[in-house]
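Student: for reference, the sequence and a predicted model appear below.
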4 protein chains.
Amino acid sequence: MAGSTLGTIWKVTTWGESHGKAIGVVLDGCPAGLKLEEADIQEYLDRRKPGQSKFTTKRQEADQVEILSGVFEGKTTGTPISMVIWNTDQRSRDYGNLMEVYRPGHADFSFDEKYGIRDYRGGGRSSGRETIGRVAAGAVAACFLKSLGITVTAYTRSVGPYEVKAEQFSIKERDNNQLFMPDKETAALACEYLEEMMGKLDSVGGVVECVIDGVPAGIGDPVFDKYDAALAKAVMSIGAVKGFEIGDGFGAARALGSQNNDGFCKGLNKGVEKITNHAGGILGGISDGSQVVFRAAFKPTPSVAQSQKTVTRLGEETEIQIKGRHDPIVVPRAVVVVEAMAALTTADLLLANMASRMDRILTFYGRQTEGEGSLET
Amino acid sequence: MAGSTLGTIWKVTTWGESHGKAIGVVLDGCPAGLKLEEADIQEYLDRRKPGQSKFTTKRQEADQVEILSGVFEGKTTGTPISMVIWNTDQRSRDYGNLMEVYRPGHADFSFDEKYGIRDYRGGGRSSGRETIGRVAAGAVAACFLKSLGITVTAYTRSVGPYEVKAEQFSIKERDNNQLFMPDKETAALACEYLEEMMGKLDSVGGVVECVIDGVPAGIGDPVFDKYDAALAKAVMSIGAVKGFEIGDGFGAARALGSQNNDGFCKGLNKGVEKITNHAGGILGGISDGSQVVFRAAFKPTPSVAQSQKTVTRLGEETEIQIKGRHDPIVVPRAVVVVEAMAALTTADLLLANMASRMDRILTFYGRQTEGEGSLET
Amino acid sequence: MAGSTLGTIWKVTTWGESHGKAIGVVLDGCPAGLKLEEADIQEYLDRRKPGQSKFTTKRQEADQVEILSGVFEGKTTGTPISMVIWNTDQRSRDYGNLMEVYRPGHADFSFDEKYGIRDYRGGGRSSGRETIGRVAAGAVAACFLKSLGITVTAYTRSVGPYEVKAEQFSIKERDNNQLFMPDKETAALACEYLEEMMGKLDSVGGVVECVIDGVPAGIGDPVFDKYDAALAKAVMSIGAVKGFEIGDGFGAARALGSQNNDGFCKGLNKGVEKITNHAGGILGGISDGSQVVFRAAFKPTPSVAQSQKTVTRLGEETEIQIKGRHDPIVVPRAVVVVEAMAALTTADLLLANMASRMDRILTFYGRQTEGEGSLET
Amino acid sequence: MAGSTLGTIWKVTTWGESHGKAIGVVLDGCPAGLKLEEADIQEYLDRRKPGQSKFTTKRQEADQVEILSGVFEGKTTGTPISMVIWNTDQRSRDYGNLMEVYRPGHADFSFDEKYGIRDYRGGGRSSGRETIGRVAAGAVAACFLKSLGITVTAYTRSVGPYEVKAEQFSIKERDNNQLFMPDKETAALACEYLEEMMGKLDSVGGVVECVIDGVPAGIGDPVFDKYDAALAKAVMSIGAVKGFEIGDGFGAARALGSQNNDGFCKGLNKGVEKITNHAGGILGGISDGSQVVFRAAFKPTPSVAQSQKTVTRLGEETEIQIKGRHDPIVVPRAVVVVEAMAALTTADLLLANMASRMDRILTFYGRQTEGEGSLET
């Protein structure tokens, strides 16, 4: 079944295989009149581009975006924005031997069970390159949100056992190190750890944290389409993500009600505020006006050069050492992917929310809000 | 916007407020010919019914299900199954004072910001009673899955700091204690802890774990509709859930690739098997034939009788002590809700998967699989 | 698969069988703050209620609506509105003989082929009674549209060969005759014709026309979700409808471009207007600010008492005379069903349209429309 | 809002403007293992290609399809099939004058009202070139259906007043004339008529008829997702279509029940058959195993060179003569577009139908159909 589309109003459809001709995305539902140029998108793609540090694959890809539709004279027109990124450095020969052997931790086996056929070159559709389309569409969402005063900022929260320390946290440091960690000291320790594990032909996991700032209260729906539930799906749909938590997350499961509840107080000029933010900015699935804060757990890169036990497509036992060009850790390049998924989700729910109240709808359509069928408030 | 519907093929729409006339659900997309009677559903509803132990609200509700459509002569007909559960013990007077004061940790404030109007009685639509519709539909999903050899089993994994110990785990114990914990000793300690916290007018969080057994390989889609992403959304949409993880989850973020990868081996008669199951039964978003294992973190019940800082609807600061009949912990009654959400998600993706392969479609429609336009295998 | 839900934002799910316990509908996505009471809905249901004239079935049903959720203190709350109408006069014994014989023109055979099981009593899910849920939800949509200054008015345009004459048209006459025809003289002739055909144990078809007044320009989307395409689906989904046309419809296929094009002129105060309205109010799938006008062709009631050739469920040839209580013509009671479908479709697209333009979104969320990322106009 | 996606399981998203870089489509949900190459698709695109006769625009476009993903070694892989067709002959200068003047019968005005911005070159997104994406995806659907023994055949039924005569009908003639009319004599008369109207700077409408052969009984759903309702939406979403009818269509509205009902009889080897087919192959929204037959009414091409009254974007009255390269009739090139929409709709519902019956699902997943939870039949 079709599973490559996300969103109801702000709707994104990605396509493309790791070693096919190109990777791309169609974004349908972006409102008309948003200033947009390829550079806005390229900035995001450059953040996930390979080959930028010793901790990323050496595959050389410019990952240059080309807008094919939906933008006219520097603005979106309300029609689908089709974006394509051509694959250029496809060393498919590296993968010839993977045609018949299932890589542990990869989708090779489950994909074959589902479809009976598979583009085995570089993971095909299950490759990390699929996220290029997400990032391109997410960059447009970020532009859209920015015009509404909303920013989405993700960063590496931990690498293996090394976690950012609250007292050392500085978001300005994020882009100063190869790990996108907003803590200089911890980043240095994490880099050492990573090099050590690379030397052992091993790979490392980590956690990405994301903060969405400026979301007005009221975004998200109270039942199945809760804001946090939608974020969970979007983020868990990134390959390698094994866990998601909002606010205090799993920590809340060990807390008491008196500790975990966020009291309300009178804010400066914008009315009600929360005294603390254990909830992570969402109450009952609906944003409460404070920062939305969530985390995603990434497993270690499954491609390791150590020998691993596996079976062939015919079911015979064998061993495999994975060659090729692989990141020893997924996390740094995934930071921008998490931002993209958060931006896409937020944009969709923000647009959906416009239909929630009669008084606002009547104003939108220029109708009187007094009298028959209207709110009296 | 509409946010009360979940699923694409196996589609569930819940409705109802805590203190309205009734709570209900429409399940559309259940295949025709499934044996079903009200008792099958009642069994699940009884597991979440209030008033069963000292750890649950004393609200007296029979929560008796009535099937209004879609079942004829003991079998489903393929048309929507409408189920209603009448509210009977609505002591709305308890909530009169909540009309104007926002309860910390509840959706009162965010709901008001979104809709400008709110059925404040007992949480209205954001009440835990909304899950009744989920459980009723989930019970049908569980029946459906059972006929396919698939079982869904959840249990309390931890209560505050008390976590089930692997060496003491016994699923048979689950239904022997009020906490639905499959570990007699830990359950006893957790009960003590709970009573202590109740004495302090406080509430407690916990973790529910769920195992789905018998899922064939191939369920789920490789991009946005990954099986684990769909589970995450479904489970995070339960009120009070703050985190979700599959397999080793957040633990995987601290592991090495060589530890976290699951090697493959030759299984007995069903071909390929995984040697370990760190992945929790899903690879690249698609089931791999092993057990699907996930966990959900529940925050402590936000309704505590301690005094809490808050504001009124008009923005004035005040204090609140929440009276009424509240569970000191959400987890035990949420166990069956988690099962329901897992069953609903699995049923939907299982049906979606039928459309994935030409060879199987040709067989389904009784066509030759040889010749033009077909698979050669 | 699930096929009982219509709409994306204004989302309607109907359920119920002709001779089951009840018929109902869940409307999710109605904005909060709309004044609504059961009487608003009952008014619409009464227009399709049986037993009101000699041209409708004698089945006695009060078809009294009961709102179970989503309305609080006389206003919608933004949560699902669940409505139920209990079946009371189910003379199922009339249908015992239909269990094994396929009625020509009915869904008996095709339903059995699809599901292998069927609630044969009175057509089950394929009965005209299924439209009760549509009308109930459509009545809410009509209330919503009315508050925005939009009205939906349908009427009988033709009965067999008798068609309303333009020069005799008077909408005030519509409710003065049993056929809901806005032309006194033609209605009288049509009544005679109908009685004659009833005497011959036969049934009659006809055409319903619908006018939607007050729709602002800009509703509908340019590609698949064109306003007219959405209306076509909604209206064609009414049982017995065999054709749909917008504006000049099939007549346009015989016209020349110079005749069929509607020129533009300067309107009074609201800017651009069309000189004529051959298009029926929609250009390129998007409303143009003039009246939306469409027609639906209804086939004759398939239940006729004449002897008809058919087969049994086991495939043996036989003859059937359909007893029971049947309308000799579907059209008069279908008038309000057409209005309902038009209202539901319009409400959904009207809400969807709110997300189409940056400048309006920025205003909606109270942001500056000047500067970075905004429209300059 | 997003309106460029059609289908639930077989899901199509088109993108592109008439004078943008390219036109394209993403087809998600095509099952894995279908033999497919670009030539299969090109064959369909060539049938709608401009410049093939004196009755089509002289714009020179090769309309060559390029598959960018989803096909590997000659077979579909179950992942999204992205197809692009580059625009090459964009004489946008022809349209410079259309920036400020609304063309009658076009979407210029309504589009501006909706989006406030418009790619005015050649109609932009509302151009007939948008159908290229539909045809490309429809060609894949046709391949899929063919492998299941289902064929979709459309043809020109009438051109202005000239309608194919039943006694002269020969499908083999369809491709022998420039109008794709399966009636040699009528085609000749229609050609004369067209040339005459072209001489008068006018344009002509017509009707396309479509026959779907080989559809098994049981396709489509009984309520909103009726097969005919889905066809109506898909076909009405083609620009220029103003009416849709199934079977006897509007004729049924003038018929009697005794004439319009199709009796059933014993078929040769496949069981039940209908004696006649007034219904057009669909009963109660579900296919009945006979031919599906529908018609679409196309208005005359709105671009005529005669002088027409209109207004400028600023609301001032003016006159316009439309230059450029336009078809004097839409119908011949629309024939393949109608086929495409019918194929897409049928493919989607055919896949959806797989989830309708327990017995078939149990067989599909290799489970016993005896015992607990199964059908006894």
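Tutor: Right, received. Where do you want to start?

Student: run a quick neighbour tally on the spatially closest residue to A:Glu195 that is not a sequence neighbour.
Tutor: Spatially, and ignoring its direct neighbours in sequence, A:Glu195 is nearest to A:Lys54 (7.8 Å; Cβ to Cβ, 6 or more residues apart in numbering or on different chains). Yep, even glycine has a C-beta here, placed from its N, CA and C like the rest. A:Lys54: 11 surrounding residues under other Cβ atoms under 10 Å in any protein chain shown.

Student: you'd agree A:Lys54 is up against A:Gln178?
Tutor: Yes. The criterion here is Cβ atoms under 8 Å, and A:Lys54 meets it with A:Gln178 at 7.3 Å.

Student: the helix or strand hosting A:Ala136 and chain B in contact?
Tutor: Per DSSP states H and E: A:Ala136 is located in helix A:131-147. No. Judged by Cβ under 8 Å from any Cβ of the partner chain, helix A:131-147 makes no contact with chain B; its nearest approach is 8.9 Å.

Student: what about that helix, average pLDDT?
Tutor: Throughout helix A:131-147, pLDDT has a mean value of 98.

Student: that helix packs against which elements?
Tutor: strand A:11-16, strand A:22-28, helix A:38-48, strand A:81-86, strand A:151-159, helix A:331-352, helix C:358-364 (3 or more Cβ pairs under 8 Å, 6 or more residues apart in numbering or on different chains; DSSP states H and E).

Student: what number of residues lie near the nearest residue in space to A:Val336 that is not next to it in sequence?
Tutor: Leaving aside its sequence neighbours, A:Val336 sits nearest to A:Arg47 (Cβ to Cβ, 6+ apart; 4.1 Å). A:Arg47 has 19 neighbours, counted by other Cβ under 10 Å.

Student: looking at A:Asp119 now. What's its pLDDT?
Tutor: Note on A:Asp119: pLDDT of 87.

Student: any buried residues in stretch A:184-196, and which?
Tutor: Within stretch A:184-196, the residues that qualify as buried are A:186-187, A:190-191, A:193-194, counting by 16 or more other Cβ atoms under 10 Å in any protein chain shown.

Student: export the residues you listed to JSON lines and tack on pLDDT?
Tutor: JSON lines is the format used below for these (pLDDT from 0 to 100):
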{"residue": "A:Thr186", "pLDDT": "98"}
{"residue": "A:Ala187", "pLDDT": "97"}
{"residue": "A:Ala190", "pLDDT": "97"}
{"residue": "A:Cys191", "pLDDT": "96"}
{"residue": "A:Tyr193", "pLDDT": "97"}
{"residue": "A:Leu194", "pLDDT": "95"}
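
Student: residues contacting the residue positioned nearest the centre of chain A?
Tutor: For chain A, A:Val338 is the residue whose C-alpha lies nearest the centre (Cα atoms, centre = their mean; 2.4 Å). Contact analysis of A:Val338 by Cβ atoms under 8 Å, 6 or more residues apart in numbering or on different chains lists A:154, A:208, A:210, A:235, A:238, A:296.

Student: can you do 6 Å?
Tutor: Contacts for A:Val338 (Cβ atoms under 6 Å, 6 or more residues apart in numbering or on different chains) come out as A:154, A:208, A:210, A:296.

Student: just the strands in the stretch 201-350 of chain A please.
Tutor: A:206-213, A:241-246, A:264-266, A:272-274, A:282-283, A:286-287, A:292-298, A:307-311, A:317-321 (DSSP state E, counting those that start in this stretch).

Student: so what does the third one touch, helix or strand wise?
Tutor: What that stands for is strand A:264-266. Packing contacts for strand A:264-266, counted by 3 or more Cβ pairs under 6 Å, 6 or more residues apart in numbering or on different chains; DSSP states H and E, involve strand A:272-274.

Student: so is the strand it packs on next to chain B?
Tutor: Yes. Legend: contact between strand A:272-274 and chain B by Cβ under 6 Å from any Cβ of the partner chain is shown at A:Val272.

Student: residue in the stretch 201-350 of chain A with the shortest distance to chain D?
Tutor: Residue nearest to chain D within the stretch 201-350 of chain A (Cβ to the nearest Cβ): A:Asp348, separated by 9.5 Å.

Student: neighbours of that residue, how many?
Tutor: Going by other Cβ under 10 Å, the residues that sit close to A:Asp348 add up to 26.

Student: you'd agree it is up against A:Leu6?
Tutor: No. Counting by Cβ atoms under 6 Å, A:Asp348 stays clear of A:Leu6, with 8.1 Å between them.

Student: mind listing what the residue in the stretch 1-150 of chain A that chain B sits nearest to touches?
Tutor: Chain B sits closest to A:Ala107 of the stretch 1-150 of chain A, with a gap of 2.3 Å, by Cβ to the nearest Cβ. Going by Cβ under 6 Å, 6+ apart, A:Ala107 touches A:126, B:283-284.

Student: got a winner among these for most neighbours?
Tutor: Highest count within the contacts of A:Ala107 by other Cβ under 10 Å belongs to B:Leu283, 33 neighbours.

Student: what bridges to that one?
Tutor: For B:Leu283, the beta-bridge partners under DSSP bridges are B:Ile286.

Student: could you measure from it over to A:Asp288?
Tutor: 37 Å (Cβ to Cβ, to the nearest Å).

Student: what's the answer for A:Tyr193, then?
Tutor: From A:Tyr193 over to A:Asp288 (counting by Cβ to Cβ), the distance is 37 Å.

Student: so where is the stretch 251-377 of chain A shaky, pLDDT-wise?
Tutor: Within the stretch 251-377 of chain A, the stretches with pLDDT under 70 are A:269-270, A:324-325, A:368-377.
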